[in-house]
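Engineer: missing the sequence, but the structure's below:
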Ligand code: ATP
């Protein structure tokens with residue numbers, strides 16, 4: 001059976017989530033209190049309705065508790081975002097993802113029942129900063145407050161060396177969990193793996209260890 005989603009708040013972030021889910025063929029209920037926003041999504045989402053998500057009765061009427069996953073993308077109005085999350089949790093919605101405006105907002109959202117909290121502006125800022133530091137840093141993903149994953153293109157310093165030669169785990173405390181080359185992916189490469197031209201290393205570790213690894217091997 002098709003999974004059913006609801007997106008509350010159709011700003012740039014919520015609108016983009018709604019559009020992408022719809023393009024992927026998912027059933028999406030788009031909700032916003034602003035009529036113009038709702039009209040924009042009438043032909044994109046399966047249903048688009050004008051509603052204030054801080055009104056529990058309205059959310060009940062919309063059958064929100066039957067949704068598999070609800071995404072709350074109300075940005076600036078933190079009070080409305082918190083209240084909406086509490087109501088969704090009270091109604092027993094199975095999975096709730098909420099966009100946070102700040103770290104404090106994120107902490108509150110976790111405490112009141114959000115299963116997943118996203119912070120797209122902050123995360124994108126970090127990713128872009130890392131890609132600006134070096135063109136070899138292809139992607140950067142925060143796994144928790146202290147741990148991250150980085151995708152780096154093999155630098156000149158790495159070419160022809162084995163993982164044992166590079167000694168990344170002993171030197172910096174982070175782990176090469178996979179190596180990609182085009183469509184091939186080598187998960188958990190062995191210590192004698194020799195780095196080739198156009199390899200991409202996927203490295204996981206504590207932020208400060210990743211930073212040391214980047215300074216030593218990735219940043220020219
Ligand atoms: P973005 O950066 O993604 O555009 P934003 O952080 O600027 O988002 P806002 O513009 O504050 O987010 O809000 C996103 C949408 O949420 C708006 O279209 C707004 O009408 C809608 N919205 C705000 N409060 C509610 C509410 N209580 N019920 C339904 N929709 C709401």
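Structural biologist: Alright, I've got the coordinates. Bear in mind the structure is a predicted one, so any value in this text is a computation, not a measurement.
Engineer: quick one: pLDDT of whichever residue of the chain sits closest to the ligand?
Structural biologist: Here the residue of the chain nearest the ligand is residue 75; by Cβ to the nearest ligand atom that distance is 1.7 Å. Yep, even glycine has a C-beta here, placed from its N, CA and C like the rest. At residue 75, the model reports a pLDDT of 78.
Engineer: One more: residue 143?
Structural biologist: The model's pLDDT for residue 143 equals 87.
Engineer: Can you tell me the closest non-neighbouring residue to it?
Structural biologist: Nearest residue to residue 143, sequence neighbours excluded (Cβ to Cβ, 6 or more residues apart in numbering): residue 149, at 5.8 Å.
Engineer: same thing with residue 2?
Structural biologist: residue 27 (5.0 Å).
Engineer: Show the contacting residues for that neighbour.
Structural biologist: 2-5, 46 (Cβ atoms under 8 Å, 6 or more residues apart in numbering).
Engineer: which residues does it bridge with?
Structural biologist: residue 4 (DSSP bridges).
Engineer: Identify the residues contacting the residue most central in space within the chain.
Structural biologist: When Cα atoms, centre = their mean is applied to the chain, the residue found nearest the centroid is residue 118 (6.3 Å). Residues in contact with residue 118, defined by Cβ under 8 Å, 6+ apart, are 97-100.
Engineer: same deal with residue 93?
Structural biologist: Per Cβ under 8 Å, 6+ apart, neighbours of residue 93: 64-65, 67, 70.
Engineer: same check, this time on residue 213
Structural biologist: 168, 171-172, 174, 203, 205.
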